[in-house]
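Colleague: Provided below are the primary sequence and the corresponding predicted coordinates.
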Amino acid sequence: MQLLPYDTFTIQTEDSLSDVIERLEAQIEAPKAFRSYFSRNHAPYEGKIDGDGFEIHRIIHHRNSFLPNIRGRFESLPNGTIIRVTMRLHPFVTAFLLFWFLAWYGGTIPIFLAGVISGNVTSEAVLFLGMPIVILFSFWCAFWYEANRSRQELIQIINGEPLKQQSAGIGFKVFAIAAIIIFNAWFFFQFVQPKFQPTPARNSNPQLSYPFNQ
């Protein structure tokens, strides 16, 4: 597992290239512009495959912009086949994240440094400085959960094994959800709750002061 949402690995099998392609074609269908949320009668992956390789992604029934794009290249050997696989984010998603990250910290870091120099670092400055890290961590978990699952499934498909229900990667979802809950709880108790606390009542009776007797 790596820090960046990018993974490469190699699958080697003693089976011929034609057998590998046949097994993959049985688990890959053509992309569809619209797919019913309730339909489950489909292959686990969609994309394209030819004699040189494939470009696919897993079919899911929810929105996930961090679903890995999977590319594979075939290399035929006298005694088998090598499949070189690359998983990465969609280029548009990567470009958007870089732009958003640079734009966010381009504005918040100067404000934070100005507060450090003046000795007036507020909680709001720390909040806005750490918010993208929490969000990016949840995105990182979403990518690696899907990448680990697809890696195991590709190995099973190429080796001619039946697909098994994947449980690996559940910990990533748990960590991501826990991080978001903790961050939201901290935000609530730090900024939201104080606004709803009743302010102490002021004494409306004026205080009288008496001069000292001369």
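Modeller: Right, received. Where do you want to start?
Colleague: Strands along this protein, start to end?
Modeller: Secondary structure of the chain, counting by DSSP state E: strands at 6-13, 28-29, 45-49, 53-58, 69-77, 80-88.
Colleague: Which elements pack onto the second one?
Modeller: Using 3 or more Cβ pairs under 8 Å, 6 or more residues apart in numbering; DSSP states H and E, the elements in contact with strand 28-29 are strand 45-49. For the C-beta atoms, the positions are set from N, CA and C on the backbone; glycine is no exception.
Colleague: So for the strand it packs on, what gets flagged as buried?
Modeller: For strand 45-49, a neighbour-count test (16 or more other Cβ atoms under 10 Å) marks 45-47, 49 as buried.
Colleague: Give me the mean pLDDT for that strand.
Modeller: Summarised as a single mean, pLDDT over strand 45-49 is 95.
Colleague: now stretch 101-118
Modeller: Mean pLDDT, stretch 101-118: 82.
Colleague: Identify whichever of the strands of the chain lies nearest to Glu146.
Modeller: Among the strands of the chain, strand 53-58 comes nearest to Glu146, with 6.5 Å by Cβ to Cβ.
Colleague: CA atoms of that closest one as PDB?
Modeller: Output of strand 53-58 as PDB, limited to C-alpha atoms (Å, rounded to 0.1, in the frame of the first residue of the first chain):
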ATOM      1  CA  GLY A  53      -4.800  -5.600 -22.800                       C
ATOM      2  CA  PHE A  54      -7.800  -4.100 -21.100                       C
ATOM      3  CA  GLU A  55      -9.100  -1.000 -19.500                       C
ATOM      4  CA  ILE A  56     -11.900  -1.600 -17.000                       C
ATOM      5  CA  HIS A  57     -13.400  -0.500 -13.700                       C
ATOM      6  CA  ARG A  58     -15.700  -2.300 -11.200                       C
END
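Colleague: picking that back up, can I get the strands of the chain in TSV with distance to Trp140?
Modeller: What follows is the strands of the chain, written out as TSV (distance: least, Cβ to Cβ, whole Å):
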stretch	distance to Trp140
strand 6-13	11
strand 28-29	27
strand 45-49	23
strand 53-58	18
strand 69-77	16
strand 80-88	13
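Colleague: which stretch among these comes nearest Tyr145?
Modeller: strand 53-58 (10.9 Å).
Colleague: what's the model's confidence in the closest one, averaged?
Modeller: Mean pLDDT, computed over strand 53-58, is 95.
Colleague: so how far is that strand off the chain centroid?
Modeller: Offset of strand 53-58 from its chain centre (Cα atoms, centre = their mean, to the nearest Å): 19 Å.
Colleague: remind me, longest helix of the protein?
Modeller: helix 123-158 (DSSP state H).
Colleague: got the buried residues for it?
Modeller: Neighbour-count burial for helix 123-158 flags 125, 128-129, 135, 137-151, 153-154, 156-158 (criterion: 16+ other Cβ under 10 Å).
Colleague: other SSEs contacting it?
Modeller: strand 6-13, helix 17-25, strand 53-58, strand 69-77, strand 80-88, helix 91-118, helix 170-187.
Colleague: at 6 Å what do you get?
Modeller: Here helix 123-158 touches strand 6-13, helix 91-118, helix 170-187, going by 3 or more Cβ pairs under 6 Å, 6 or more residues apart in numbering; DSSP states H and E.
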